[in-house]
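Q: Here is my input; please provide its structure:
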Amino acid sequence: MFKFFMAIMVAIVVLATQQYLSTRKNWVMGGFLPIIWLGFSIWIIYFSHLKTNHSLIPACVVMFLTLMCVWAEGRESLKKRINEELNKMKIHDIK
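A: Predicted structure coming up:
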């Protein structure tokens, strides 16, 4: 049971970090975690000598897709925030 809660806590920290990095102006920062996760997943599945490797594949794919979705959402959020700031500046310039 402890391992389950630790896995959930790690996932929450990773997703929160991904959300933060994906909303920065440098788009590459948010791409690091999905690439690191992909490498880690490949290492765990193919180079580890665990017998339950194939049961981890769906979990690794879901986490990778989740990280990519959070990255895409963060990029859209940044674009929206920048557009709102530009609109405020335009309105202020008109007055």
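Q: Could you pick out the longest helix of this protein?
A: Longest helix in the chain, counting residues (DSSP state H): helix 53-94.
Q: Please state the mean pLDDT value computed over it.
A: For helix 53-94, mean pLDDT rounds to 88.
Q: elements contacting that helix?
A: helix 2-22, helix 32-42 (3 or more CB pairs under 8 Å, 6 or more residues apart in numbering; DSSP states H and E). The way it works is simple: take the backbone N, C-alpha and C, and place the C-beta from them, glycine included.
Q: Out of those, which is closest to Glu76?
A: helix 2-22 (9.6 Å; CB to CB).
Q: if we can go back for a sec, highest average neighbour count across the helices and strands packed on helix 53-94?
A: Mean neighbour count (mean count of other CB atoms under 10 Å) peaks for helix 32-42 among those, with a mean of 15.
Q: Let me have the helices and strands packed on helix 53-94 in CSV, extended by mean pLDDT and distance to Phe64.
A: Formatted as CSV, the helices and strands packed on helix 53-94 follow (pLDDT from 0 to 100; distance: least, CB to CB, whole Å):
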stretch, mean pLDDT, distance to Phe64
helix 2-22, 88, 11
helix 32-42, 90, 6
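Q: And the ones you listed: which comes nearest Arg81?
A: helix 2-22 (12.4 Å).
Q: which SS class is Trp27?
A: coil (DSSP: H, G, I helix; E, B strand; the rest coil).
Q: Is there a neighbour count for it? I'd like the number.
A: 13 (other CB atoms under 10 Å).
Q: got the contact list for it?
A: Arg75 (CB atoms under 8 Å, 6 or more residues apart in numbering).
Q: Which pLDDT value goes with it?
A: Listed pLDDT for Trp27 reads 83.
Q: so who does the nearest residue to Arg81 once chain neighbours are set aside touch?
A: Spatial nearest neighbour of Arg81, chain neighbours left out: Thr23 (7.9 Å); criterion: CB to CB, 6 or more residues apart in numbering. Each residue near Thr23 by CB under 8 Å, 6+ apart is listed here: Gly30, Gly74, Arg75, Ser77, Leu78, Arg81.
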